[in-house]
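Peer 1: Compute the structure for the input listed below.
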Amino acid sequence: MTQTVFYSAVTHVLTEGSKSAYSQHAGTALDDYFISSPLGMHPNMNFGQIVRGPGQKGQQGTFTGILDLRGIVRIINGVLVLRAAGGDAWSKPRDDGFRAWTLSYVNWLQSNSAAKQAAASPKSVVSTRTLCSAQVLIVIIAIMEHSS
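Peer 2: Down below sits the predicted model:
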């Protein structure tokens, strides 16, 4: 997914097509996965890296699921490329939908106990990546809001 959006956006720019199939492909992937599909991803990692078992613990994801979504940075880079390139693949409703999803995810990262556990992990790589990812997303959202 992360590579689909990013490389489709870059290929769209390289082929210089305002109605390129590459930009359409990236837009459809974003719609299906983040924006409009009922089967898309919710803006949280509540079930990421779930460890099955009895009781409440067997129904919740672990903090390592958050690390699995670190590739969202590549998706956001693809979104920024599509926004800058213009064309018919990036619209205000798509922009608003992706921005809303990203804001919800950042809010979840800052408030969820699994996210806080990842941030407090004694493994500095885990805590640094989690905190940096949240901060990068906040900055990117601010850029997106001011440039639209």
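Peer 1: For Val5, see how far away Ile75 is.
Peer 2: To Val5, Ile75 is 5 Å away according to C-beta to C-beta, to the nearest Å. Bear in mind the C-beta positions are built from the backbone N, C-alpha and C, glycine included.
Peer 1: repeat for Leu82
Peer 2: For Leu82, the distance to Val5 - C-beta to C-beta - is 8 Å.
Peer 1: joint contacts of those two?
Peer 2: Ala26 (C-beta atoms under 8 Å, 6 or more residues apart in numbering).
Peer 1: Specify which residue of Ile75 and Val5 has the higher count of neighbours.
Peer 2: Shown here are Ile75 and Val5; by other C-beta atoms under 10 Å, Val5 has more neighbours (27 against 24).
Peer 1: how about that one, phi and psi?
Peer 2: phi -70, psi -50 (degrees, to the nearest 10).
Peer 1: List the contacts of it.
Peer 2: Contacts of Val5 by C-beta under 8 Å, 6+ apart are Ala26, Ala29, Leu30, Arg74, Ile75, Gly78, Val79.
Peer 1: number of nearby residues for Pro93?
Peer 2: Count around Pro93 with other C-beta under 10 Å applied: 10.
Peer 1: just the helices in the protein please.
Peer 2: Secondary structure of the chain by DSSP state H: the helices cover 2-15, 21-30, 64-68, 72-85, 92-111, 113-119, 124-147.
Peer 1: Closest one of the contacts of Val5 to Val10?
Peer 2: Gly78 (7.4 Å; C-beta to C-beta).
Peer 1: For that closest one, give me the pLDDT.
Peer 2: Predicted confidence (pLDDT) for Gly78: 89.
Peer 1: I am finished for the moment; much appreciated.
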